[in-house]
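>>> From the sequence below, what's the structure:
(2 chains)
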Amino acid sequence: MKPLAALAVLALVAAAGPARAEKLVLALSSQQIAIASNYAGSDVTLFGAVRPDGETEALQRSYDLVVTVRGPATTLEVREKERTAGLWVNRERRRFPRTPSYLATLSTRPLDDMLSPEIREGQRLGLKAAAAPRGEDLGRPEFSEALIRLQTGRGLWREEPKGVVFLDPTLFRTTFHLPPNVPFGAFEADVRLFASGVPIARETITFRVVKSGFEDRVAALAENWRLAYGVATALLALAFGWTASVAFRRD
Amino acid sequence: MQIYLPIAELPVDVLLVIGMSLAVGFVSGLFGIGGGFLMTPLLIFIGVPTAVAVASEAPQIAASAFTGALAYWRRRAIDLKLAGVLLGGGVVGTGLGVWFFNAMRAAGQLEVVIAVSYVVLLGAIGGIMLTESLKALLKTKPAAPARRVGGRSLIDRLPLKLRFKQSMIYVSAIPLVGLGVFVGFVGAVLGIGGGFLLVPVLVYVFRVPTAVVVGTSLAQILITMLAATVLHATVNASVDVVLAILLMLGGSIGAQFGVRAGQKLRGEQLRLLLALLLLAVGARFLVELVAQPAEPFSVSTTGRPK
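Below you'll find the predicted structure:
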């Protein structure tokens, strides 16, 4: 939304003087995404700078970045239809507790090229790690694969191996898309800096997705004043029916 | 033009939803039915969660039933006593239906329960109507509805008989309350008014005169759907008022054109068309149940994100 303002902030921070080790400084194009009646998805841009430890050779190091954007954690349930007595009915199901409802993994290059399998395992990066089987169902990887496929299909999970670009040796930028069906709540962008496949710095920044104005009030009414909301909707139905009856009366 | 639905939590095309409700409203005016059995599947098809589609369809059916009921009320063509007895069962059935709906949703079987119910109900009613209307059309004179001898004598033997002056029937309250429970239950689970179930049973089984039956059924549907709206809102918080307003707008206007078109057709022709429509929707659900799905997996959120 305000990339120039974000860049200005970064310029100030970058000029603030040397630090002891590499540090990450982050800024988002918006801290709060408001969902109004015309919401049809939005893009959020994250700017960041690598602040080196003051020695010139640090700038020569080739950095890699992995940005993980997570929506509120929830329990996702994957169900499998099976043919039962000629009908396709949901049979087996697997639960994925504490799984991000929204997940975007953006990086400077593919994770497999960047990190050794051990480090990747330890850092739990990427969609595969988020959909890793829990406890009892190690025998059926189909459920994890289906979770990734379905969440990607709904636009809620995405992996962009070249989604992060360096604008100059220390300044980087990435843009992620929030789909129309984005969940509400607190989001977190977790940025990890790697040099030669070794993690050297980590920083997070948060933002919120909220319903705005009218949508928020309607949803709050429906949740907190259930009976009143139901009765009001019923009365509205009567008003509509009566109006139609008067407006189109033929006898 | 997109509008964001605050409870369904997704944006929909306003013109698409109003267009759909105009079309369904036309059909409902044409045949004198609520149209819920068409609208609910269409809403699910465009991505509205099943729970929200079923719950938000209830106020729309209530609105169109109220419009119809007012017209019959002016003509004194509503048997209030009969409607009241049906309602006694209807409210109980609605409560059971909302509870069952919730239980099936938790068990992950809601979609299949809805699909099977549509196939059975629409197939049965559509099949009966199709044969009846074809017979009537071929004979070119109205045939007397077949008497259900067995059921009739059983119903006659039941106690708690009541006299319904306006409907000119003298019948036990037990099967009527039972019918009300059934229609209320089915209505709450499937997001339909149940007029297409209620009217044939009242006409063929209880021999209520056609002049009174539609108004009475509308009065019963009106109260049942008002109760369903309040119950879905309190139990599931799944009534989307924005969606309901769009549906009521399109539905009430479409119905007026439907009523006018319906006056140009004969009763048997109307019943034949309605039978084909019921069978087509039923077949659509049957295909979904029987054909191998392209994606056998589905994902749902069980815990609310906080």
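
>>> how about A:R83, what does it touch?
Counting by CB atoms under 8 Å, 6 or more residues apart in numbering or on different chains, A:R83 touches A:V89, B:Q292. For the C-beta atoms, the positions are set from N, CA and C on the backbone; glycine is no exception.

>>> name the element it belongs to?
Applying DSSP states H and E as the criterion places A:R83 in strand A:73-84.

>>> what are the pairing partners of the helix or strand following that strand, and which direction each?
Read in the C-terminal direction, the helix or strand following strand A:73-84 is strand A:87-100, with elements assigned using DSSP H and E. Each strand pairing with strand A:87-100, determined using DSSP bridges, is listed with its direction: strand A:73-84 (antiparallel).

>>> Packing partners of the longest helix that chain A contains?
Across chain A, the longest stretch assigned as helix under DSSP state H is helix A:226-247. Where contact means 3 or more CB pairs under 8 Å, 6 or more residues apart in numbering or on different chains; DSSP states H and E, helix A:226-247 is packed against helix A:213-224, helix B:50-74, helix B:210-235, helix B:241-262.

>>> Report the separation between the closest residue in space to A:T206 that isn't next to it in sequence and A:T204.
By the measure of CB to CB, 6 or more residues apart in numbering or on different chains, the closest residue to A:T206 outside its immediate chain neighbours is A:E188, 5.1 Å from it. Distance, A:E188 to A:T204, using CB to CB, to the nearest Å: 6 Å.

>>> The residue nearest to A:T206 and chain B, how far apart?
Between A:E188 and chain B the computed distance is 13 Å (CB to the nearest CB, to the nearest Å).

>>> right, and the helix or strand after the one helix or strand that residue maps to?
Under the assignment given by DSSP H and E, the secondary-structure element containing A:E188 is strand A:185-195. Taking DSSP H and E as the definition, the helix or strand that follows strand A:185-195 towards the C-terminus is strand A:198-211.

>>> Return the list of strands paired to that following strand, each annotated with direction.
Under the criterion DSSP bridges, strand A:198-211 sits next to strand A:32-35 (parallel), strand A:185-195 (antiparallel) in its sheet.

>>> ok, the following helix or strand past the shortest one: who's next to it in the sheet?
Right, strand A:32-35. Past strand A:32-35, further along toward the C-terminus, the next helix or strand under DSSP H and E is strand A:42-51. In the sheet containing strand A:42-51, the strands it pairs with under DSSP bridges are strand A:23-28 (antiparallel), strand A:171-178 (antiparallel).

>>> Strand A:42-51: which residues count as buried?
Neighbour-count burial for strand A:42-51, with 16 or more other CB atoms under 10 Å in any protein chain shown as criterion, is recorded at A:S42, A:V44, A:T45, A:L46, A:F47, A:G48, A:A49, A:V50, A:R51.

>>> For the residue of the stretch 1-150 of chain B found nearest chain A, give me its contacts.
When CB to the nearest CB is the measure, the stretch 1-150 of chain B has its nearest residue to chain A at B:F66, with 2.9 Å between them. When contacts are counted by CB under 8 Å, 6+ apart, B:F66 touches A:A237, A:L238, A:F240, A:G241, A:W242, A:S245, B:L222.

>>> wait, what's in contact with the first one?
In other words, A:A237. Neighbouring residues of A:A237 by CB under 8 Å, 6+ apart: B:P59, B:Q60, B:A62, B:A63, B:F66, B:M225, B:L226, B:T229, B:A244, B:M248.

>>> Could you do the last one as well?
The neighbours of B:L222, taking CB under 8 Å, 6+ apart as the test, are A:G241, B:A62, B:A65, B:F66, B:A69.

>>> neighbours around the third one, how many?
Right, B:A65. B:A65: 26 surrounding residues under other CB atoms under 10 Å in any protein chain shown.

>>> Identify the nearest residue to the residue of the stretch 101-250 of chain B found nearest chain A in space, disregarding sequence-adjacent positions?
Of all residues in the stretch 101-250 of chain B, B:A233 sits closest to chain A, with a separation of 2.9 Å (CB to the nearest CB). With CB to CB, 6+ apart as the criterion, B:A233 has its nearest non-adjacent residue at 2.9 Å, and that residue is A:G230.

>>> so how far is stretch A:146-159 off the chain centroid?
11 Å (CA atoms, centre = their mean, to the nearest Å).

>>> May I have the distance across that stretch, first residue to last?
15 Å (CA to CA, to the nearest Å).

>>> Just want to check the distance between the residue nearest to A:T45 when sequence neighbours are not counted and A:S42.
Closest residue to A:T45 apart from its sequence neighbours, by CB to CB, 6+ apart: A:S29 at 4.1 Å. With distances defined as CB to CB, the gap from A:S29 to A:S42 amounts to 10 Å.

>>> swap in A:R83?
Counting by CB to CB - A:R83 and A:S42 are separated by 41 Å.

>>> same check, this time on B:Q2
Relative to A:S42, B:Q2 is positioned 13 Å away (CB to CB).

>>> Repeat that for A:L147.
The gap separating A:L147 from A:S42 is 25 Å, by CB to CB.

>>> A:R140 now?
Separation of A:R140 from A:S42 (CB to CB): 36 Å.

>>> Likewise for A:I148?
According to CB to CB, A:I148 and A:S42 sit 23 Å apart.

>>> so where's the stretch 201-306 of chain B uncertain?
Applying pLDDT under 70 to the stretch 201-306 of chain B flags residues B:302-306.

>>> need the residues of it near chain A, please.
Taking CB under 8 Å from any CB of the partner chain as the measure of proximity, the stretch 201-306 of chain B contacts chain A at B:222, B:225-226, B:229-234, B:237, B:239, B:241-242, B:244-245, B:248-249, B:252-253, B:255-256, B:289-293, B:295-306.

>>> and those residues, which are buried?
Using 16+ other CB under 10 Å as the threshold, B:222, B:225-226, B:229-234, B:237, B:239, B:241-242, B:244-245, B:248-249, B:252-253, B:255-256, B:289, B:296-299, B:303, B:305 are the buried ones among these.

>>> Stretch A:201-210: which residues count as buried?
Within stretch A:201-210, the residues scored as buried using 16+ other CB under 10 Å are A:A201, A:I205, A:F207, A:V209.

>>> dump the residue contacts of the closest residue to the first one other than its chain neighbours.
When you say that, I think you mean A:A201. By the measure of CB to CB, 6+ apart, the closest residue to A:A201 outside its immediate chain neighbours is A:L193, 4.1 Å from it. With contacts taken as CB under 8 Å, 6+ apart, A:L193 has the following neighbours: A:E22, A:L24, A:V50, A:Y63, A:D64, A:L65, A:P199, A:I200, A:A201, A:R202.
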